[in-house]
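# sequence plus the predicted model coming up.
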Amino acid sequence: MSDKQKENGVLRTLDLYTRLCEGKVINKQEEAQRYCVSDRTIQRDMDAVNTFFSNRNACAGGDVREIKYSRKKNGYVLKGAEASEMSNSEILAVVKILLESRAFSKQELSGILDKMVEGCAPLKDKNLVCDLIANEKFHYVELHHKSLIEDKLWDLGENIAACNLMEISYTKTASENELVTRIIEPVAVLFSEYYFYLNAYIVEKDDKGNYVWKYDYPAIFRLDRIIEYRSLEEKFKISYVNRFQEGDFRKRIQFMYAGELMHVQMKFYGKNPEPVLDRLPTAEVKKELEDAYLIEAEVYGTGIVMWLLSQGSRIEVLKPAKLRTQMKAQLEQMLERYIESEQ
């Protein structure tokens with residue numbers, strides 16, 4: 001076999017591979033006529049591609065693609081998927097979550113979706129996936145702060161991994177211009193209800209000049225309100241016992257309101273306690289009463305009040321007494337507003 005024939009064979013095999021990845025149907029006889037070779041030569045080319053897939057799967061695993069004959073399509077097609085590819089359903093699911101979260105600016109989201117489709121979608125389905133998300137992508141409504149946070153996310157992540165003390169300057173509300181500066185030990189970045197948050201322990205110097213925690217629990221800062229930040233030339237250490245557990249914290253925090261750990265007992269007046277169990281991962285049904293469920297949960301801070309109020313008359317807080325009093329005060333204020341407006 002001449003060098004020219006070898007080169008033509010390689011190019012022919014690569015062309016078959018590319019078209020199969022694009023979802024095209026390969027007819028052996030038509031390909032043989034197209035390349036002026038025998039049917040057996042085309043079969044050898046496809047066998048070589050199948051061997052390539054098999055070797056990849058044996059070495060690294062995950063590549064379960066294979067060329068198979070389809071009677072329905074009267075030709076050979078590529079079955080299975082490469083490990084790095086996402087299925088159409090997976091891509092649509094992730095896209096829907098990203099769009100619904102409204103976590104990024106329109107500019108950032110557009111870039112993320114384009115890269116995800118380009119890098120993860122099967123080649124043969126890219127146009128279909130793009131068409132399916134085009135409308136929602138066009139009508140995406142970004143949040144009012146319009147801040148770009150991708151770089152900030154990574155910078156903070158690096159400092160968390162390196163255990164660097166940081167100095168941040170932030171605004172408490174979007175309308176405030178005054179900056180508040182804090183020295184912090186950053187421990188985690190979380191996402192909740194449209195926003196990314198930095199969890200960090202606020203530190204102050206003690207009498208010996210050492211940084212110590214101001215509170216026993218981490219503060220929560222919205223990333224878009226962190227205007228300035230820098231890494232300090234000092235590391236911090238957290239013992240294994242006191243290390244921050246993101247997953248554990250996430251189960252006990254509501255609406256990213258910081259505070260002390262609180263044990264809540266409540267009655268849920270409804271046929272199915274699922275709304276409480278889904279919203280509060282630590283919630284447990286302790287007793288099924290005649291007209292309600294007795295439920296207990298552990299939460300950080302008073303952010304849970306917002307959710308409790310959203311449940312209307314279906315929820316009654318029993319303990320702690322402080323939270324029950326706060327709920328009553330909130331409800332009385334709400335009622336007063338309605339009474340005043342009618343007078």
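Nice, I can see it.
# show the contacting residues for residue 274.
Listed by Cβ atoms under 8 Å, 6 or more residues apart in numbering, residue 274 has no contact partners. All C-beta atoms are positioned from the backbone trio N, CA, C, and that covers glycine.
# mind checking the longest strand of the protein?
strand 180-192 (DSSP state E).
# pairing partners for that one, with directions?
With DSSP bridges as the test, strand 180-192 is paired with strand 164-170 (antiparallel), strand 195-205 (antiparallel).
# for that strand, C-alpha coordinates in CSV please.
Extracted C-alpha coordinates of strand 180-192, given in CSV (Å, rounded to 0.1, in the frame of the first residue of the first chain):
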residue,chain,number,x,y,z
VAL,A,180,-18.5,48.8,55.8
THR,A,181,-15.0,47.2,56.1
ARG,A,182,-14.4,43.9,57.9
ILE,A,183,-11.5,41.4,58.3
ILE,A,184,-12.8,37.9,57.7
GLU,A,185,-11.9,34.2,57.6
PRO,A,186,-13.8,33.1,54.4
VAL,A,187,-15.1,29.6,54.6
ALA,A,188,-17.7,29.0,51.9
VAL,A,189,-19.6,30.4,48.9
LEU,A,190,-23.3,29.4,48.8
PHE,A,191,-26.2,30.1,46.5
SER,A,192,-29.7,30.8,47.6
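# what pLDDT is listed against residue 283?
Looking at residue 283, its pLDDT stands at 91.
# that one contacts residue 268, doesn't it?
No: using Cβ atoms under 8 Å, residue 283 makes no contact with residue 268, being 9.2 Å away.
# mutual contacts of those two, please.
Common contacts of residue 283 and residue 268 (Cβ under 8 Å, 6+ apart): 276, 295.
# only the buried residues of the longest strand of the chain, if you could.
182-190, 192 (16 or more other Cβ atoms under 10 Å).
# distance to residue 11 and pLDDT added to these, as a markdown table?
A markdown table is the format used below for the buried residues of strand 180-192 (distance: Cβ to Cβ, whole Å; pLDDT from 0 to 100):
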| residue | distance to residue 11 | pLDDT |
| --- | --- | --- |
| 182 | 62 | 94 |
| 183 | 62 | 95 |
| 184 | 59 | 94 |
| 185 | 58 | 93 |
| 186 | 53 | 93 |
| 187 | 55 | 90 |
| 188 | 52 | 89 |
| 189 | 48 | 89 |
| 190 | 51 | 87 |
| 192 | 53 | 80 |
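# please parse the chain into its domains.
Recorded structural domains for the chain (assignment: automatic domain parsing) are 3-79, 88-138, 150-243, 247-341.
# okay, now residue 287: neighbour count?
Residue crowding around residue 287 was assessed by other Cβ atoms under 10 Å; the count is 10.
# what helix or strand is it on?
Here residue 287, judged by DSSP states H and E, is contained in strand 284-288.
# show me where pLDDT drops low in the stretch 1-150 of the chain?
Regions of the stretch 1-150 of the chain meeting the criterion pLDDT under 70 cover residues 1-7, 60-63, 81-86.
# how about the strands in it?
Using DSSP state E, counting those that start in this stretch, the strands found in the stretch 1-150 of the chain span residues 66-70, 75-79.
# got these as JSON lines, with mean neighbour count columns?
Below are these laid out as JSON lines (neighbours: other Cβ atoms under 10 Å):
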{"stretch": "strand 66-70", "mean neighbour count": "14"}
{"stretch": "strand 75-79", "mean neighbour count": "18"}
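# now those as CSV including distance to residue 162?
Below are the strands of the stretch 1-150 of the chain laid out as CSV (distance: least, Cβ to Cβ, whole Å):
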stretch, distance to residue 162
strand 66-70, 45
strand 75-79, 44
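# tell me which of these sits nearest to residue 300.
strand 75-79 (49.2 Å; Cβ to Cβ).
# part of a strand, is residue 220?
Yes: judged by DSSP: H, G, I helix; E, B strand; the rest coil, residue 220 forms part of a strand.
# how many residues are close by it?
22.
# that one contacts residue 195, correct?
No: if you go by Cβ under 8 Å, residue 220 and residue 195 don't touch, sitting 10.1 Å apart.
# quick check, residue 237 in a strand?
No: Residue 237 is assigned coil when assessed by three-state DSSP, not a strand.
# ignoring the adjacent residues along the chain, who's closest to it?
Using Cβ to Cβ, 6 or more residues apart in numbering and skipping the chain neighbours, the partner closest in space to residue 237 is residue 163 (6.8 Å).
# same check on residue 201?
Nearest residue to residue 201, sequence neighbours excluded (Cβ to Cβ, 6+ apart): residue 185, at 4.4 Å.
# any idea how far the one you found is from residue 312?
40 Å (Cβ to Cβ, to the nearest Å).
# so what's the residue count around residue 45?
Residue 45 has 24 neighbouring residues, counting by other Cβ under 10 Å.
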